[in-house]
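Student: What shape does this take:
(chains A and B)
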Number of protein chains: 2
Amino acid sequence: MDAKTIKGGGVTSPLGFQATGVACGIKPRGEKDLALVVSDVPAEVAATFTTNLVKAAPVKVSMQHVRNGKIRGVVVNAGCANACTGIGGIADAKEMIEIVAGQFKTKPRQWLVCSTGRIGNRLPMALVRKGIEKAAAKISPDDGDEAAKAIMTTDTRRKEFAMRFKVNGRKVTIGGMAKGAGMIHPNMATMLCVITTDACIDKPTLRACVDDAVEHSFNRISVDGDTSTNDTVIVLANGLSGTNLLKSYHPQFGLFKKTLVHVMRKLARMIVEDGEGITRVVDVVVKGAASTQDARLVALAVAKSELIKTSWTGGDPNWGRIMAALGYSGARVREEMVEIYYDGLLAVVNGQPSKTPVAKLRKLVGKPKFTITIHLHTGAGEYSILTTDLTEEYVRINKGE
Amino acid sequence: MDAKTIKGGGVTSPLGFQATGVACGIKPRGEKDLALVVSDVPAEVAATFTTNLVKAAPVKVSMQHVRNGKIRGVVVNAGCANACTGIGGIADAKEMIEIVAGQFKTKPRQWLVCSTGRIGNRLPMALVRKGIEKAAAKISPDDGDEAAKAIMTTDTRRKEFAMRFKVNGRKVTIGGMAKGAGMIHPNMATMLCVITTDACIDKPTLRACVDDAVEHSFNRISVDGDTSTNDTVIVLANGLSGTNLLKSYHPQFGLFKKTLVHVMRKLARMIVEDGEGITRVVDVVVKGAASTQDARLVALAVAKSELIKTSWTGGDPNWGRIMAALGYSGARVREEMVEIYYDGLLAVVNGQPSKTPVAKLRKLVGKPKFTITIHLHTGAGEYSILTTDLTEEYVRINKGE
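Tutor: The predicted model follows:
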């Protein structure tokens, strides 16, 4: 009775959602750079935005519109973040919403807007206007993948995922698309994510589910430790599956929640796996901390350490650098209690090297994916973060524009 | 009447200090790896150690000995950090001290010990014993540079500096040596620093001067954001200049303090300039923050951002990434108030791009040294950090062992 993955699914997998992506000329080489996701009927909305105090104009505008009421859709551009653009940038973000609202003969407050790309540049609004008009004319219930393509920046591949489950014999679907690549860090990444569902759910319940799901997915990934100005996760629920209203006492409510977390975690993992220049994806699992907060501090310190991440790149099981990171993490750590495992293989016991041959550990760190488990033996706090190595290629990608 | 730099000066520049460096076989290629700095008479001592909770064995032992009373000298090995080595490692550190104390027929508690190198390996004590014996036999008042060479790890050059000033007609000298290169971050770096002086000063006064000087030098540099298990700054004052006791009411006390800060800042800058794989040295100066703490948060966020540091490597004046870092730094930042200058050239005003041509900014970021000044216009808090870029070469150096 669990949810099933829909092969090739995305934002248009749920009933009553249409999408597309077009090239409007923001990206210099004519790639797609403008996406539209539209619900046939007004949808309940819940969203999470960057915690960065320097918020892009579209974030400021969308934060306001999320409070308004139901939402018809989202317009997204890539290639320009519309951040640090002052009141002119705010006007541009509002104009994007007015253009799309006009196309669908709806009120502007029923729309959300996202931007991603370089900070500090204004949008070429004449091109954007044409792009939105073109997209509005060609949206289709089959073109979720076009939208997923149009929101990419340094991503090397589309990130889409969808799952379906049954509530009282009726199908309920959750689909999503995301972009990531650089500036990826908890709370949150330079990441945009739009999730659609035909589930029938009220706003407060959806809000609670989304907060929880983001906390267990997008807030637990880190590529480079930089929290961006534009991060946005939007969830639209249009209710067209026709089930009863999903409330917390509903027998299938747990399945909805679980599936939403699963979809977000899947998209979050795709973001990490497509991190700029990476060669390793590493689950950092912290157990036995004095508190969840302590476990989080340790996981973050490891996921942010340039020295640890470069050692992974070289396939070096350099647990000494992990010990050092534990010590400066701010968490309560007792060196002589610490155990560190690489994929279940004991590397450190009582804060000292185990008897496991280094060659065995080296082989594990040579793999593209592995898990590092750190047991502090000081309590029951747990936390995990999905992160990557730090490569010469990352530097190469980010040293240019 | 200011202090003058002593050309080629170092730890043996002050009266009554001898030093040397030898190769005992810890480093695989036969380079010097053991240093000894000895005062002819017991010296007052003040020291600062890593804030990392995972402290190397020599740090634990030296912390105890600093409390004891006067100190005759310091033995330092490079190539092995003697960290995460349990009670065996503590025994090794103590044995190093016993060996050197025996050589000079003094009590073990009159000695300090430092180690630097890879974490998790035990010291080859038989080799270390021979090395200490060899060093004790050949110390000389001229061989400060030998000691400075022996403490290097991935450093590409020796770091030594000395200054001299006059107190009531008598010469007072402060000399020092340091090593750095990787794991460089406030509180503190994988850095060792030994400073010697023939100033006549009591322990509490010296302690206060050293705390203050470290705060304004070694605590304000960052290469890669990793605080190590072994960081140590030791200052020995043997009083052999023969001046009056320097107390805070002494007319020349300010000059002593100022010179100590100057020596430490000089050594700190040498550490940053010799950072692993770096091509840029950047002064990050934050002004007008709501508090000193806020200024510090902003300076640290900029100095730790992989995205900002890689953009410098590429000569890209990507102030957008700086704006993003301000926003997630935790400091109180009002986007519309922010000004950012590159070497005095206005790049951002009111949180938006200035009219300065990008080509001009690009030229500045192309230089090996520049200053980024961030004015928050929310208060009077100031802080600065000396940092570097993040290069492919840094990754290359750290991905191996």
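Student: contacts, neighbours, all on C-alpha from now
Tutor: Noted.
Student: in the longest strand along chain A, what counts as buried?
Tutor: Looking across chain A with DSSP state E, the single longest strand is strand A:34-49. Within strand A:34-49, the residues scored as buried using 16 or more other CA atoms under 10 Å in any protein chain shown are A:34-39, A:41-49.
Student: burial of residue A:242, as a residue count?
Tutor: 15 (other CA atoms under 10 Å in any protein chain shown).
Student: In space, what's closest to it - neighbours in sequence excluded?
Tutor: Taking CA to CA, 6 or more residues apart in numbering or on different chains, and ignoring the residues beside it in sequence, residue A:242 has residue A:200 as its nearest neighbour in space, at 6.8 Å.
Student: Settle this for me: the one you found is touching residue A:250, isn't it.
Tutor: No: using CA atoms under 8 Å, residue A:200 makes no contact with residue A:250, being 11.7 Å away.
Student: neighbour-wise, which of the two wins?
Tutor: Neighbours were counted for residue A:200 and for residue A:250 using other CA under 10 Å; residue A:200 has more, 21 against 12.
Student: Contacts only, for that one.
Tutor: With contact set as CA atoms under 8 Å, 6 or more residues apart in numbering or on different chains, residue A:200 has these partners: A:237, A:238, A:239, A:240, A:241, A:242, A:243, A:244, A:245, A:246.
Student: Of those residues, keep whichever come out buried.
Tutor: A:237, A:238, A:239, A:240, A:241, A:243, A:246.
Student: beta partners of the first one?
Tutor: Here residue A:237 shows beta-bridge partners residue A:44, residue A:197, assigned using DSSP bridges.
Student: contacting residues around it?
Tutor: So residue A:237 contacts A:43, A:44, A:45, A:196, A:197, A:198, A:199, A:200, A:201 (CA under 8 Å, 6+ apart).
Student: mind listing what the nearest residue to residue A:16 once chain neighbours are set aside touches?
Tutor: Leaving aside its sequence neighbours, residue A:16 sits nearest to residue A:40 (CA to CA, 6+ apart; 5.2 Å). For residue A:40, the contact set (CA under 8 Å, 6+ apart) comprises A:16, A:17, A:18, A:72.
Student: near chain B, which residues of the stretch 1-150 of chain A?
Tutor: Proximity of the stretch 1-150 of chain A to chain B (CA under 8 Å from any CA of the partner chain) is limited to residues A:51, A:52, A:53, A:54, A:55, A:84, A:85, A:86, A:118, A:119, A:120.
Student: Spit out the contact partners of the nearest residue to the last one once chain neighbours are set aside.
Tutor: Using CA to CA, 6+ apart and skipping residues adjacent in sequence, the residue nearest residue A:120 is residue A:84, 5.1 Å away. Each residue near residue A:84 by CA under 8 Å, 6+ apart is listed here: A:54-57, A:119-121, B:320, B:323, B:335, B:351-353.
Student: and residue A:84, that's in a helix?
Tutor: No: under DSSP: H, G, I helix; E, B strand; the rest coil, residue A:84 sits outside any helix and is assigned coil.
Student: Can I get whatever helix or strand residue A:116 lives in in PDB, CA atoms only?
Tutor: Using DSSP states H and E, residue A:116 maps to strand A:111-118. Only the C-alpha atoms of strand A:111-118 are listed here, as PDB (Å, rounded to 0.1, in the frame of the first residue of the first chain):
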ATOM      1  CA  TRP A 111       0.900  33.800  -8.800                       C
ATOM      2  CA  LEU A 112       4.400  33.200  -7.500                       C
ATOM      3  CA  VAL A 113       7.700  34.000  -9.000                       C
ATOM      4  CA  CYS A 114      11.200  32.500  -8.700                       C
ATOM      5  CA  SER A 115      14.600  33.500 -10.200                       C
ATOM      6  CA  THR A 116      18.000  31.900 -10.100                       C
ATOM      7  CA  GLY A 117      21.300  32.900 -11.600                       C
ATOM      8  CA  ARG A 118      23.900  35.500 -11.000                       C
END
